[in-house]
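[1] sequence first, then the predicted structure, then my questions.
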Amino acid sequence: MKKVLKNEDWFHPDGFPISVERREPQQAFDPHAHEFAEVVIVTGGKCLHVSGQDSWELTAGDVFVILGQRVHEYRDVEDLKLVNILYQPGQVEMQLHDLTSVAGYHALFTLEPSQNPRAKTKRRMRLNGKEMALVLELVERLEGELEVRDPGFGFMATATFMQIIGFLSRAYGRNPSSDGKALLRIGEALSHLERNIHHDVDVDELARIAHMSRRSFLRVFQSATGTSPLAWVIGRRIARACSMLRQTDKQVTEIAFEVGYNDSNYFTRQFRKNTGVSPRKYRMRQRGE
């Protein structure tokens, strides 16, 4: 039976949704999932990392992201050392801006964590010595803010966390493995969809960007994301709409236009289909009205 790690056991009582855990060494860990996500940076030793029927060896320099619902474990541990950056995706207040145009961001934070656990995968991202030193410097800065908790620590910690995400997203594309290159091609397609979120989905154009046939692209995209390009775009539009409903006072019709819908009634139907409530009801719930 899997163990589920709870937020209250791993985050500060004040509720701030970012935490750092150093496991030096990390002992063998039975199958478990989390209520949170984590960026895992391997700083020493080795082990067999197992998720579903997928397994691969971890050694120093490897980096990967685990979303909360994905069950994983560490086996055959030999002096394994990890830095885990824990975060609650729905609670971290940060703007990605143009980071979604970086294919490495989608490869590391969108595609790898959501990929079918049964897929045959190998190590995709490994930091070299210089990259490891730079990212660990950022981690130490993040740890300092989280430990001291001076006024404004939330802003500073979030900004440093964003730097780590940005650095890793750029690093992913510099020296990817063969598996990583395949994900980067899909990442390029996702970046294109992000930049053109208001436009209709053109599968042939996406296939050209990914350097694949239409049939191969649709198959690989479905395997990597668990959905179709159109469904992915709809999900991103609804996610943007949710953010705007929480953070602004814009009218529903205005939000519908801004996320790519010319018909606010159709937008409302899509929103209710994806969230279970209307946009207005969603806003009221988020604001406790």
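    That came through, no problem.
[2] so which strand or helix has P25?
    Element membership for P25 (DSSP states H and E) is empty, with no helix or strand holding it.
[3] show me what contacts it?
    Applying C-beta atoms under 8 Å, 6 or more residues apart in numbering, one finds that P25 lies in contact with 45, 77, 79-81. For the C-beta atoms, the positions are set from N, CA and C on the backbone; glycine is no exception.
[4] output these in JSON lines; the columns should cover secondary structure.
    JSON lines is the format used below for these (DSSP: H, G, I helix; E, B strand; the rest coil):
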{"residue": "G45", "secondary structure": "strand"}
{"residue": "V77", "secondary structure": "strand"}
{"residue": "D79", "secondary structure": "strand"}
{"residue": "L80", "secondary structure": "strand"}
{"residue": "K81", "secondary structure": "strand"}
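[5] what is the most widely separated pair among those?
    Farthest pair in the contacts of P25 (C-beta to C-beta) is V77 and K81. Separation: 10.3 Å.
[6] so what sits against both of those two?
    For the pair V77 and K81, residues contacting each of them under the criterion C-beta under 8 Å, 6+ apart are 25-26, 45.
[7] most neighbours among the contacts of P25, which one?
    Highest neighbour count within these, by other C-beta atoms under 10 Å: L80, with 24 neighbours.
[8] was I right about that one contacting C47?
    Yes - the pair L80 and C47 qualifies as a contact (C-beta atoms under 8 Å) at a distance of 4.7 Å.
[9] would you mind listing where the stretch 1-150 of the chain has pLDDT under the threshold?
    Low-confidence segments of the stretch 1-150 of the chain (pLDDT under 70): 1, 115-124.
[10] got it, and the stretch 151-289 of the chain?
    Counting by pLDDT under 70, the ranges of the stretch 151-289 of the chain that qualify are 175-179, 289.
[11] give me that answer again for 90
    172-186, 194-200, 219-227, 236, 239-240, 243, 246-247, 285-289 (pLDDT under 90).
[12] that one: helices as residue ranges?
    153-172, 178-195, 203-209, 214-225, 229-247, 252-258, 264-275, 279-286 (DSSP state H, counting those that start in this stretch).
[13] do you know how far L190 is from L108?
    Here the distance between L190 and L108 works out to 12 Å (C-beta to C-beta, to the nearest Å).
[14] residues contacting A157?
    Counting by C-beta under 8 Å, 6+ apart, A157 touches 16, 18, 142, 145-146.
[15] could you rerun that using 10 Å?
    A157 makes contact with 16-20, 92, 141-146, 149 under the criterion C-beta atoms under 10 Å, 6 or more residues apart in numbering.
[16] just send those residues back as CSV, with neighbour count, secondary structure and distance to I41 too.
    Written out in CSV, the entries for these read as follows (neighbours: other C-beta atoms under 10 Å; DSSP: H, G, I helix; E, B strand; the rest coil; distance: C-beta to C-beta, whole Å):
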residue, neighbour count, secondary structure, distance to I41
F16, 18, coil, 20
P17, 20, coil, 19
I18, 22, strand, 15
S19, 20, strand, 14
V20, 21, strand, 10
V92, 16, coil, 18
R141, 16, helix, 14
L142, 23, helix, 12
E143, 18, helix, 13
G144, 16, helix, 17
E145, 22, helix, 18
L146, 20, helix, 16
R149, 14, coil, 23
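[17] and which of these is nearest to A210?
    The closest of the contacts of A157, once distances to A210 are taken by C-beta to C-beta, is V92, at 29.4 Å.
[18] need phi/psi at the spatially closest residue to that closest one that is not a sequence neighbour.
    Beyond its immediate neighbours in the sequence, the residue positioned closest to V92 (C-beta to C-beta, 6 or more residues apart in numbering) is P17, lying 5.1 Å away. With angles defined as degrees, to the nearest 10, P17 shows backbone torsions of phi -90, psi 20.
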